[in-house]
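S.K.: please work out how this folds:
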Amino acid sequence: MKKILYALVLLAVVVSCKKDNNDDDQTDGPLDVTWSFDSESTIDNWTIVTPNNAQVSIDTDDKFAGAGSLYITSGCAVLTYKKEFTVKPNTDYGLTVNAKRTPWGPNDTICTYQYPVGIFVLQGGIELFGSAIGDSPNWKTESFYFNSHEGTEPITLRFMINSKEVWLDEIKLEEI
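M.R.: This next block holds a predicted model:
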């Protein structure tokens, strides 16, 4: 009897510790992803690829909506979302970003990126779309549209930051 009870308790512990991987599952439905930055755990997949001392954190004081925004400091940076998304071939998608930034001061070293904040969507290493977020110290909503190519390679989101500080919030990627 003790062995059966021990086995049931062990099984209950294993089942209760199982990680829910719904975020990593691929679905056949339309792509619809929104980043709201409501907790520290939401920045796990947002990575500074280049360079230096740029940092990513959650700012709960300055946000477009919700509990916080994604805050990038120290300027010249390439920010990438590590998780790639499977898209349907030759399909239209929309990307909406709410952003604001602090421009460089007169004594700051400006980086060489063309835009204050550039947004790029890559599929299989090929740029599908590239544009800039408006140059605004106030929250501004920008919407962009792109079409996936014929291949089945996943897409990657990349932001090139050329500002002293940038806030991103309520980013939405969806099939249209």
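S.K.: alpha carbons only for contacts and neighbour counts from here, please
M.R.: Fine.
S.K.: please enumerate the helices of the chain.
M.R.: For the chain, helices defined by DSSP state H occupy the ranges 2-17.
S.K.: tell me the centre residue of it?
M.R.: In the chain, the centroid-proximal residue (C-alpha atoms, centre = their mean) is residue 81; its distance is 4.6 Å.
S.K.: for it, which non-adjacent residue is closest in space?
M.R.: residue 46 (4.6 Å; C-alpha to C-alpha, 6 or more residues apart in numbering).
S.K.: please apply the same query to residue 100.
M.R.: residue 139 (4.8 Å).
S.K.: ok, the one you found - contacts?
M.R.: Each residue near residue 139 by C-alpha atoms under 8 Å, 6 or more residues apart in numbering is listed here: 64, 98, 99, 100.
S.K.: among those residues, which are in strands?
M.R.: Under the assignment DSSP state E, the contacts of residue 139 contribute 98, 99, 100 to strands.
S.K.: burial check on the second one, number of neighbours?
M.R.: Per other C-alpha atoms under 10 Å, the neighbour tally for residue 99 reads 27.
S.K.: try the last one
M.R.: Counted with other C-alpha under 10 Å, the burial measure for residue 100 works out to 26 neighbours.
S.K.: surely it touches residue 167?
M.R.: Yes. Contact criterion C-alpha atoms under 8 Å: residue 100 and residue 167 qualify, at 5.4 Å.
S.K.: what does the pLDDT read for the residue nearest to the centre of the chain?
M.R.: Turning to residue 81, the model gives it a pLDDT of 91.
S.K.: now it: how far from residue 44?
M.R.: 9 Å (C-alpha to C-alpha, to the nearest Å).
S.K.: thinking again about what came up before, quick check on the residue nearest to residue 100: phi, psi?
M.R.: phi -60, psi 130 (degrees, to the nearest 10).
S.K.: check what pLDDT it gets.
M.R.: Reading off the model, residue 139 has pLDDT 93.
S.K.: quick one: it from residue 63, how far?
M.R.: 8 Å.
S.K.: just to revisit the earlier point, surely the residue nearest to residue 81 and residue 79 touch.
M.R.: Yes. The pair residue 46 and residue 79 qualifies as a contact (C-alpha under 8 Å) at a distance of 6.8 Å.
S.K.: please pull out the lowest mean pLDDT helix or strand from the chain.
M.R.: The least trusted helix or strand in the chain, going by mean pLDDT, DSSP states H and E, turns out to be helix 2-17, with a mean of 28.
S.K.: show me what contacts residue 97?
M.R.: Contacts of residue 97 (C-alpha under 8 Å, 6+ apart): 141, 142, 143, 168, 169, 170, 171, 172.
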